[in-house]
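**Student:** Quick check, what structure comes out for this input:
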Amino acid sequence: WKTFLLRSIGLDAEKLTPRAMDAFLLRMVPFVERNYNMVELGPRGTGKSHLFQQISPYSHLISGGKATVARMFVNMSTGQRGLVCQYDVICFDEVSGVSFDQKDGVNIMKGYMESGEFSRGKESIRADGSLVLVGNFDVDVAHQQRVGHLLGPLPPEMRDDTAFMDRIHAYLPGWDIPKVDKDLVTSHFGLVSDFLSECWRRLRDQSRLNRLQGRVYYGGALSGRDTTAVNKTVSGLLKLLQPGIDAEIPEEDIEWAVRLALECRRRVKEQ
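**Tutor:** Model prediction:
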């Protein structure tokens, strides 16, 4: 089934390591999980923006440059709702070049990442668009950790803000994904992308958290935000793996999802 999902986004899973397959599946989580915040930083040419640009009409790619509060959230003069209300996934491509037009841009974004709500003017507006920040590393991971931290390529107003980092649910290890070349592209059958994107959209209304009750114990080291982040990632991965709402989820699938979710959150926490 994982192979079939990866084929549907155009990849030949037989050529991928299990680690790379996990990373590609993690990329799909924002499509099936509401208000999910993810960062992926890695080398060039690994197809980071491809999934968000080509597969689903419900995702929107913002390429570098200025992100205006009016366009992202709500336009005060016309009352027009912004991108987080219109799309399921908003992806900032080349995130190192992104900056907001207003000083409070990142603060509004932080509030939105925490609760899925933002207030402009008199009203408080709810939205469930997931945010994905995608950017390039120029150096290898070990070197980056010696000279700074793994969130170094983010713009300065995000890079040094620990409250902003804490709201990131998962940090996807972009360096585990191979460069996408013609050998990786599949010639086999998969789901057609408009059907796949509709399925993903329907899955956003469900949750798989009830399946974890009594089966998983995280231990006492996780803060409230850590638990929320891990739960969201696990729920998203299980929805991708077992799309049927009544499907029986075996223990090994839950263990796979929980290990992956804890690792992605731990990477944020350590930075």
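
**Student:** how about the helices in the stretch 51-200 of the chain?
**Tutor:** Assigned helices in the stretch 51-200 of the chain, in chain order: 69-72, 83-86, 105-115, 141-147, 156-159, 162-166, 193-203 (criterion: DSSP state H, counting those that start in this stretch).

**Student:** Quick check: which of those helices is nearest to Val32?
**Tutor:** Of all the helices of the stretch 51-200 of the chain, the one in closest proximity to Val32, counting by C-beta to C-beta, is helix 193-203 (4.2 Å). Backbone N, C-alpha and C define where each C-beta goes, glycine included.

**Student:** residues making contact with that closest one?
**Tutor:** Residues from elsewhere that reach helix 193-203 (C-beta atoms under 8 Å, 6 or more residues apart in numbering): 8-9, 28, 31-32, 54-58, 88, 190-191, 239-240, 243.

**Student:** For ChimeraX, write the selection for the buried entries among those residues.
**Tutor:** Only the buried entries of those go into this ChimeraX selection, using 16 or more other C-beta atoms under 10 Å:
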select :8,9,28,31,32,55,56,58,88,190,239,240,243
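
**Student:** quick one: which of the helices of the stretch 51-200 of the chain has the weakest pLDDT on average?
**Tutor:** Ranked by mean pLDDT, the helices of the stretch 51-200 of the chain bottom out at helix 141-147, which scores a mean of 69.

**Student:** Where does the prediction get shaky in this protein?
**Tutor:** 138-139, 143-147 (pLDDT under 70).

**Student:** Most remote residue from the middle of it, which is it?
**Tutor:** Within the chain, Ser77 marks the point farthest from the mean C-alpha position, 30.9 Å out by C-alpha atoms, centre = their mean.

**Student:** Quick check: that residue vs Ala127, distance?
**Tutor:** 19 Å (C-beta to C-beta, to the nearest Å).

**Student:** Please apply the same query to Asp101.
**Tutor:** 19 Å.

**Student:** got it, and Ser96?
**Tutor:** Noted for Ser96: a distance of 25 Å to Ala127, by C-beta to C-beta.

**Student:** how about the residue nearest the centre of the chain, secondary structure?
**Tutor:** Centroid-nearest residue in the chain: Met38, 3.4 Å away (criterion: C-alpha atoms, centre = their mean). Assigned by DSSP: H, G, I helix; E, B strand; the rest coil, the conformation of Met38 is strand.

**Student:** re the thing from before, please give me every residue in contact with the residue farthest from the centre of the chain.
**Tutor:** So Ser77 contacts Ala70 (C-beta under 8 Å, 6+ apart).

**Student:** What does it show for phi and psi?
**Tutor:** Dihedral angles of Ser77 (phi, psi; degrees, to the nearest 10) stand at phi -80, psi -30.

**Student:** Ok, the one 3 residues further on next?
**Tutor:** Listed backbone geometry of Gln80 is phi -70, psi 130, with angles given as degrees, to the nearest 10.

**Student:** For the residue lying closest to it once chain neighbours are set aside, which residues are in contact?
**Tutor:** Once flanking residues are discounted, Gln80 sits nearest to Val74: 7.0 Å by C-beta to C-beta, 6 or more residues apart in numbering. Contacts for Val74 (C-beta under 8 Å, 6+ apart) come out as 80-82, 85, 118, 120-121, 125.
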